[in-house]
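Trainee: Got a predicted structure plus its sequence, pasted below:
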Amino acid sequence: MMLYLKLFIEFFLTGLFAVGGGMATIPFLEDMSNRTGWFTHAQLADMIAVSESTPGPIGVNMATYVGYLTGGIPGGIIATLGLVTPSCIVILIVAAFLKAFRNSKYVERVFYGIRPASTALIGAAGVSVLMLCIVDVDAFVLSKKIFDLVDPKAIILFALIWVFTNLVKKTKKFHPLVFIAFSAIIGLVFKF
Amino acid sequence: MNKYLDVFISFAKVGVMTFGGGYAMLPMLQREIVENKGWAKEEELTDYFAIGQCTPGVIAVNTATFIGKKLYGIPGAIVATLGVIFPSVVIISLIAALITNFAHIPAVKHIFAGIRVCVCVLILNSVVKLWKKTVVDKITLAIFICVFVLAVIIDITPVVFVILAAVAGLIIGALKAKKGGEQ
């Protein structure tokens, strides 16, 4: 019972403070992983991949996933409800004062500050996922060889996907699912 | 058909058809809510979507709540929200159960190690995309740098940063207004 209550509260806070859509929940989940130990950073990266490649909003998918890992099917349901409850309340309030909300200089000022902060938080969470997949500090500390600091296979794949998603005109517009499937095959074939 | 069931099913459809959330959802909403059901006008939808982006929470959920509220008040809002999350809960529970059971197999480990690299690029890409929209001047750049550096070094809840950034936004706005008034 306590676990479900904790899950609900954690996701309620995430839903309340994550502004700007699905990716904005990542820094909150990372922090949750650090504090509660419900799931590892590696599992978080897997969740992002699964959430991107299955139907449904990313934020909702991630909440269900974490909830399931922590408390089975009821956990998944409770975490998801926790995530959407603040949205529901906030939107109901906003809907009641739609005009005032849209013209309020205070609302505008608050979001002027929050928007870049939210981007920065996602960036910082990205750094720690990067540390997990590509940079191996432990191996470097152990051997003191600079080549052990990065995983060359991962670097090549990273560069390849970056080029495909940013520079190649033909593949740029592909759905993330395509790149996730491609990386899965590369991971399997080259034994990542 | 019961009106609430109708709302639930329509939003569940949108939930199933949305891959990736956010902007991917807009065309699905247009087809189902505007064209098929006539529950909202095109401009209303764009408005709701814009507000959904700058209020807390998942954009898809916020938009669903808005339309549900407009249709049948608070019960409508709740039913629409439940509808949009329903497919995710079912699908992800199944996948999470599968992955948990097969995670120990070496081949599955290799697959996920490869996928994680892809996730890094996807996060990087979305940060770049968000950067273009949210870091618009010197002040927002300063906020970005402060939060980014602090969040990387210090291990505290992001809630603190969001609240501080909101307060900073209010103060900067007030200072700007004062400066503008004096001139």
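Mentor: Cool, got the structure. Residues are numbered from 1 along each chain as shown, chains lettered A, B, ... in the order given.

Trainee: Do you have the helices of chain A handy? List them.
Mentor: A:2-17, A:26-36, A:41-52, A:58-96, A:98-103, A:105-133, A:137-143, A:152-166, A:169-172, A:176-189 (DSSP state H).

Trainee: of these, which approaches residue B:78 most closely?
Mentor: helix A:58-96 (6.8 Å; C-beta to C-beta). Using the backbone N, CA and C atoms, a C-beta is placed for each residue, glycine as well.

Trainee: For that closest one, list every residue counted as buried.
Mentor: Going by neighbour count (16 or more other C-beta atoms under 10 Å in any protein chain shown), the buried part of helix A:58-96 is A:58-71, A:73, A:75-92, A:94-95.

Trainee: follow-up on the earlier one: let's have the helices of chain A in JSON lines, adding mean pLDDT and distance to chain B.
Mentor: As requested, the helices of chain A are exported to JSON lines (pLDDT from 0 to 100; distance: least, C-beta to the nearest C-beta, whole Å):
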{"stretch": "helix A:2-17", "mean pLDDT": "93", "distance to chain B": "5"}
{"stretch": "helix A:26-36", "mean pLDDT": "91", "distance to chain B": "4"}
{"stretch": "helix A:41-52", "mean pLDDT": "86", "distance to chain B": "4"}
{"stretch": "helix A:58-96", "mean pLDDT": "92", "distance to chain B": "3"}
{"stretch": "helix A:98-103", "mean pLDDT": "78", "distance to chain B": "7"}
{"stretch": "helix A:105-133", "mean pLDDT": "85", "distance to chain B": "2"}
{"stretch": "helix A:137-143", "mean pLDDT": "68", "distance to chain B": "14"}
{"stretch": "helix A:152-166", "mean pLDDT": "90", "distance to chain B": "4"}
{"stretch": "helix A:169-172", "mean pLDDT": "84", "distance to chain B": "10"}
{"stretch": "helix A:176-189", "mean pLDDT": "88", "distance to chain B": "2"}
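
Trainee: Could you break chain A into its assigned domains?
Mentor: As assigned by automatic domain parsing, chain A contains the domains A:2-105, A:141-189.

Trainee: would a markdown table of the ones you listed with distance to residue B:45 be doable?
Mentor: Shown next, in a markdown table, are those (distance: least, C-beta to C-beta, whole Å):
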| stretch | distance to residue B:45 |
| --- | --- |
| domain A:2-105 | 14 |
| domain A:141-189 | 23 |
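
Trainee: Point out the most buried one among the ones you listed.
Mentor: Compared across the domains of chain A, domain A:2-105 shows the largest average neighbour count, a mean of 22 (mean count of other C-beta atoms under 10 Å in any protein chain shown).

Trainee: Can you get me the start-to-end distance on that domain?
Mentor: End-to-end distance for domain A:2-105: 41 Å, by C-alpha to C-alpha, to the nearest Å.

Trainee: now that domain, how far from the chain's geometric center?
Mentor: 10 Å (C-alpha atoms, centre = their mean, to the nearest Å).

Trainee: Touching, residue B:122 and residue A:51? I think so.
Mentor: No - here residue B:122 lies out of contact with residue A:51, judged by C-beta atoms under 8 Å, at a distance of 10.5 Å.

Trainee: which residues in chain B form helices?
Mentor: B:3-17, B:25-29, B:42-54, B:59-102, B:106-134, B:138-153, B:158-182.

Trainee: Of these, which stretch is the most buried?
Mentor: Most buried among the helices of chain B, counting by mean count of other C-beta under 10 Å: helix B:59-102, with a mean of 22.

Trainee: helices or strands up against it?
Mentor: Judged by 3 or more C-beta pairs under 8 Å, 6 or more residues apart in numbering or on different chains; DSSP states H and E, helix B:59-102 is in contact with helix A:41-52, helix A:58-96, helix B:3-17, helix B:25-29, helix B:42-54.

Trainee: Once you drop chain neighbours, what's closest to the residue nearest to the spatial centre of chain A?
Mentor: Nearest to the mean C-alpha position of chain A, by C-alpha atoms, centre = their mean, lies residue A:26 at 3.0 Å. Excluding the flanking residues, the one nearest residue A:26 by C-beta to C-beta, 6 or more residues apart in numbering or on different chains is residue A:125, at 4.4 Å.

Trainee: Perfect, that will be all.
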